[in-house]
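Undergrad: Sequence first, then the predicted structure:
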Amino acid sequence: MSKKPIRVYADTSVFGGVFDEEFDKVSRLFFDQVKNGQFHLVLSPLIHDELEKAPVKVKTFFEKIRVTAEIADLMEEMIDLQHAYLEAGIVAPKSETDALHVAIATVAECHLIVSWNFKHIVHYQKIPLYNGINQANGYHSIAIHSPQEVLIDEDKNI
């Protein structure tokens, strides 16, 4: 019996990380594991919109990955959850898209979010706050990690 892949939402930063010297190796390994079926990748139209101003190589990479991923439709309940995060002060209104990434992943029933955004998403003080709002609104808790933390070790030195 094969193990069901983990539903994971990768935000925009992970796609940019593929071409960032600091994050490229781990980002590429993460997407390799997506291709190998270890993760079921969930994306959103928000990522496509955020990549509008990205370099062509990032957009091209995203388009290659996007064809094999599940695309979560933007729904009103995601916007409502985003507003709950904002009202709770987890992030400031200027970071509303970061809150929307978390809301999309939560409502789309992902088990985890991967991100290189350590200020607004992968932050030890914010993760329990996101999950508190999730639970208060009838949603599950969601794990939030950097790609480095979720790689499945296949005897590779990362």
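TA: Arrived safely, thanks for sending. This structure is a prediction, so every number in the text was calculated from the model and none was measured. Residues are numbered from 1 along each chain as shown.
Undergrad: pLDDT weak spots in the chain?
TA: In the predicted model, the chain carries pLDDT under 70 at residues 1-2, 154-158.
Undergrad: Try it again at 80.
TA: 1-3, 153-158 (pLDDT under 80).
Undergrad: isn't residue 100 right up against residue 84?
TA: No - applying CB atoms under 8 Å as the test, residue 100 and residue 84 come out as separate, 11.6 Å apart. In this view, the C-beta of every residue, glycine as well, is placed from N, C-alpha and C.
Undergrad: Look at those two and report which has more neighbours.
TA: Ranked by neighbour count (other CB atoms under 10 Å), residue 100 and residue 84 place residue 100 first, with 21 against 18.
Undergrad: quick one: that one from residue 143, how far?
TA: The gap separating residue 100 from residue 143 is 18 Å, by CB to CB, to the nearest Å.
Undergrad: Could you pull out the strands in the chain for me?
TA: 6-10, 39-43, 70-71, 112-114, 143-145 (DSSP state E).
Undergrad: Describe which strands the shortest one pairs with in its sheet and in which direction.
TA: Just to be clear, that refers to strand 70-71. strand 39-43 (parallel) (DSSP bridges).
Undergrad: now the partner strand: how far from the chain's centre is it?
TA: On the basis of CA atoms, centre = their mean, to the nearest Å, strand 39-43 is displaced by 9 Å from the centre of the chain it belongs to.
Undergrad: Now do the buried residues in that strand.
TA: For strand 39-43, the neighbour count (16 or more other CB atoms under 10 Å) marks 39-43 as buried.
Undergrad: ok, and what's touching it?
TA: Under the contact criterion CB atoms under 8 Å, 6 or more residues apart in numbering, strand 39-43 has outside partners 4-10, 30, 33-34, 65-66, 68-72, 105, 108, 110, 150.
Undergrad: No more questions from me, cheers.
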